[in-house]
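In: The following comprises the amino acid sequence and a computationally predicted model.
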Amino acid sequence: MPDSSVNIVIGGEAGQGLVTVGDFLAKALMRAGYEIVVTQDYQSRIRGGHNTYAVRVSPEPVYGPRETIDLLVALNAETVALHKGQLTAKALAVADESVDLSGVPGLAVPFKSLCPKPIFENIAALGVLSRLLCLDAAWLEGIVSEVFARKGEEAVAGNLKVFAAARAWAEASGAGFSCMPPPMRTDKRLFMHGNEALAFGALAAGANFCSYYPMTPATSVASTFVDKGTKLGMLVEQAEDEIAAINMALGASYAGAKAVVPTSGGGFALMVEGVSLAGMTETPIVIVLAQRPGPATGLPTRTEQGDLNMALYAGHGDFPRAIYAPGTPEQCFELAYRAMNQAEKWQSPMFVLTDQYLADSYRAVVPFDLAALEPMAEPALTCDDPAGYRRYADTPCGVSPRLIPGFGEHLVVLDSDEHTADGHITEDLTVRIQMMDKRMRKTEGIVSSIVPPTFEGDEKPDILLACWGSTYGPALEAAQILRERGVRAAVIHFSQVYPLNPDHFLPVFAKAGRTFMVEGNHSGQLAQLIRQQTGYAFDQLITRYDGLPVTAAHIMDRLDRL
Amino acid sequence: MIPLEQYGEFETAWCPGCGNFAINKALKKALSMLDLAPHKVLVCSGIGQAAKSPHYLRCNCFNGLHGRSLPPAQGAALANTEVAVFAESGDGCSYGEGGNHFLAAMRRNVTMTYLVHDNQIYGLTKGQASPTTAQGQPTKFQPAGVASMAFNPIAVAVTMDTPFVARGYAAEVDHLADLIVQAARHPGFALVDILQPCVSFNKVNTYAWYKARCYKLGADYDPTDRNAAMLKAQEFGDRIPIGVIYKGTRAPYEGRIDSRVRRPLATSKPDMAKLASMLESYA
């Protein structure tokens, strides 16, 4: 089956408004009924540099980004120079008439004569694009009207006029770009990226406290909480540092809040002592770890899946935890909700691992079924025997009854030291063993509620692609390409990477010919974990760690070299 | 008034003669005067001998990490309006490891009371200098004398216009209890820095040393005069003032919380209809 997608890349300097063009266009395409995958590539600077906003669009499902470009919107000359090598046979570059397009199939747009002021150039570009893509003007006109409504009727009319003029100009120019096949979806979907979906998953679970220290690419989780969470009753506080952020959240959780802390690798490194504190005090907390390439400051605005090991081993001593790794915005929502619920249920820290690619990747998201969410575990507010209340009472499942301070005469005593059942410091080593066993007993419950990996493709594949987190889509697409070549292929995707239940995947591995683990890091961290826990070794690793997302083409290139 | 026995009697890990005993007594007395039943009191502490204090008091207790008494205290105070929140720790925990949190807490100004047991030495790790040890003072680990200048928490707090800044002395139990009462009643962040003799490791700042120097601020001193407080904050040597050094009127953080935030958070459930309509706006 030929690739029916069109890859539109808008390139320019930070500050030129390329994200505005991209967001308007991508949202219009979604509303029209297309499938989209947005990839944003930007540099760690406020203005200048070279940034891109890529929209891969198709009437068919699209699972990941693509390197080759069909429609290049160049907001400056540098964009043409940097990307002309990626242009496909049918490609067209769109730029202002002042940009040199020699040697490139291009369309020179007289932006200056189409726009009364430079500020309208984004809208003019949308007018041209909508014509080239044969997208009904109404989809973009609707979005332009909605967005500019708050600036008044005059602003709406002014923008619509420029949009129409640019579209008419494009039509008259007779520019040759093949129209996309018509869209197939008619259902309503949400224009949302991974971090927004993640934040909404937490909010649906009742998250009402967030303390954070800003760090790319976790910031948009916090900003969604600021914009939307506050309206739902959430308290959001910018802490002085990540150490304060997690400790503040633990204090709030102890006092009755449902707390979540978003951060990224370097920030999470600072939170590690707090993770351990959550383990010892058995305080529910969800840590959203939006990964970017390390070590240290690494590539601050690029993507990687390099922090699994840190999430696995963060914190001194042993304590139970679970690590989720969503592969799509839908999974971001589901697993953030689940992490909140599991944190409450097992009174342990829970992690959601995302990454810059997924965090910034807009998709056409099927609306979440709020009514179908499983009920949230809740702490009790009062008890019948306040004098007899013991925060760390020993129980068969390891979970002790959690009460909230101040809501009755019971006392809730937590300690980072080893403690007795009533929460007080102890150096009684028998109690130590009892408490350690009690905490670790929760592992059984956590293991029993593992989200199993999903399996898609041929039952007995020649090639099995294993993956986790955001590499899901690219792996699915690569398997599809393999099948088109006549190779039996399948994908197994882990959306929970810890703990693991070997029964969920070893039988699948056993049926496969060759097995490959696809990961966006250097060392193959999940492959190592699986080997460590089961002895199973993948035939080959397919990794990527240049800061860009794994793509189907990247996977195919590695497979073809073997 | 709540009877003192309600706050319990405990066996402690403190050295005989430690100033912590008197501070514990003063705190119980203050809570009784404040009419706060044990379940309405929430104490967060860090690590060290002082940080064990809430274990020797019937109360809700979050005994967290070294230097981190303030972040959980503020988180708890913001989340839960059903309890009065205190943080309690030593000078190393509060001004060394937790220095950044101290600065941020003064800026943030959440209503809570910060009790710092200031013994000018690290006791639990057996005698190193603390941030408040005097420059030049020899210790077991700095035998040639402490090279760095001592931190002045009172002066820093006054500079930050912290709403309530007081210095107490462990041996003056009633005076200290009264300071804690005033601190807990004052809106915003309240600091009570408490001079506390360490009988095991601080051979300079002894009971006799403090007795010869500490004096109570009299009725003639106006703690609302910030310039006077700035001068008073710098008085530490032959004469050491104890009492309320500064009382300000800076509005607490709680007044700046979005009115849509419903506290206590424990009883605040998400409005699913509102959430659903919010999601609609992404279509």
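Out: Yes, it's here.
In: where does chain A dip in pLDDT?
Out: A:1-2 (pLDDT under 70).
In: Can you tell me the closest non-neighbouring residue to the residue of it most remote from its centre?
Out: The C-alpha centroid of chain A is most remote from residue A:387, which lies 45.8 Å away (C-alpha atoms, centre = their mean). Spatially, and ignoring its direct neighbours in sequence, residue A:387 is nearest to residue A:409 (7.6 Å; C-beta to C-beta, 6 or more residues apart in numbering or on different chains). C-beta: built from backbone N, CA, C; applies to glycine.
In: Which strand residues bridge residue B:189?
Out: Under the criterion DSSP bridges, residue B:189 forms beta bridges with residue B:112.
In: follow-up on the earlier one: wait, the residue nearest to residue A:387 sits on residue B:39?
Out: Yes: Residue A:409 is within contact range of residue B:39, at 4.8 Å (criterion: C-beta atoms under 8 Å).
In: which residues are common contacts for the two?
Out: Listed as contacting both residue A:409 and residue B:39 by C-beta atoms under 8 Å, 6 or more residues apart in numbering or on different chains are residue A:386.
In: The stretch 351-500 of chain A: strands as residue ranges?
Out: A:362-365, A:413-415, A:454-457, A:463-468, A:489-494, A:496-498 (DSSP state E, counting those that start in this stretch).
In: which helices and strands sit right next to the third one?
Out: By that I understand strand A:454-457. Packing contacts for strand A:454-457, counted by 3 or more C-beta pairs under 8 Å, 6 or more residues apart in numbering or on different chains; DSSP states H and E, involve helix A:472-484, strand A:489-494.
In: And for it, what's in contact with it?
Out: With contact meaning C-beta under 8 Å, 6+ apart, strand A:454-457 is reached by A:464, A:476, A:479, A:483, A:488, A:489, A:490, A:491, A:492, A:493, A:495, A:508.
In: again, only this time at 7 Å
Out: A:476, A:479, A:489, A:490, A:491, A:492, A:493, A:508 (C-beta atoms under 7 Å, 6 or more residues apart in numbering or on different chains).
In: And the residues you listed, which two are furthest apart?
Out: Across the contacts of strand A:454-457, the longest distance by C-beta to C-beta is 15.5 Å; it joins A:476 and A:508.
In: more neighbours, these two?
Out: Shown here are residue A:476 and residue A:508; by other C-beta atoms under 10 Å in any protein chain shown, residue A:476 has more neighbours (23 against 17).
In: I'd like the distance from that one to residue A:551, if you could.
Out: 12 Å (C-beta to C-beta, to the nearest Å).
In: what's the helix or strand for residue B:116?
Out: strand B:112-118 (DSSP states H and E).
In: immediately after that strand, which helix or strand?
Out: That would be, after strand B:112-118 and using DSSP H and E, helix B:153-159.
In: what's that next one in contact with?
Out: With C-beta under 7 Å, 6+ apart, helix B:153-159 has contacts from B:95, B:106, B:116, B:165, B:167, B:191, B:193, B:226, B:229-230, B:233-234, B:245-246.
In: Kindly report the same for stretch A:314-327.
Out: A:272, A:275-276, A:279-280, A:311-312, A:332, A:335, A:338-339, A:342, A:346, A:348-354, A:439-440, A:442-443, A:446, A:468-470, A:472-473, A:493-499.
In: List the buried residues in that stretch.
Out: Along stretch A:314-327, these residues count as buried under the neighbour rule (16 or more other C-beta atoms under 10 Å in any protein chain shown): A:314, A:315, A:319, A:320, A:321, A:322, A:323, A:324, A:325, A:326, A:327.
In: need the residues of the stretch 51-200 of chain B near chain A, please.
Out: B:52, B:55, B:58-65, B:68, B:71-76, B:78-80, B:82-83, B:100-101, B:104 (C-beta under 7 Å from any C-beta of the partner chain).
In: Just give me the neighbour total for residue A:428.
Out: Counted with other C-beta under 10 Å, residues neighbouring residue A:428 total 12.
In: ranges for the strands of the stretch 101-250 of chain A?
Out: For the stretch 101-250 of chain A, applying DSSP E, counting those that start in this stretch gives strands covering A:106-109, A:190-193, A:209-212, A:235-238.
In: Which of the ones you listed sits closest to chain B?
Out: strand A:190-193 (4.0 Å; C-beta to the nearest C-beta).
In: is that closest one anywhere near chain B?
Out: Yes: using C-beta under 7 Å from any C-beta, we find that strand A:190-193 touches chain B at A:190, A:191, A:192.
In: so who does residue A:525 touch?
Out: A:308, A:309, A:519.
In: Quickly note the distance from it to residue A:55.
Out: Taking C-beta to C-beta as the measure, residue A:525 falls 30 Å from residue A:55.
In: what's the answer for residue B:56, then?
Out: 63 Å.
In: which one of the two has more residues nearby?
Out: Counted by other C-beta under 10 Å, residue B:56 and residue A:55 do not tie: residue A:55 has more neighbours, with 28 against 22.
In: sec struct for that one, please.
Out: What DSSP: H, G, I helix; E, B strand; the rest coil gives for residue A:55 is strand.
In: is it true that it touches residue A:25?
Out: Yes: Residue A:55 lies in contact with residue A:25 (C-beta atoms under 7 Å); the separation is 6.2 Å.
In: Okay, helices next: where are they in chain B?
Out: B:19-33, B:70-79, B:91, B:99-108, B:153-159, B:173-185, B:207-213, B:226-233, B:272-280 (DSSP state H).
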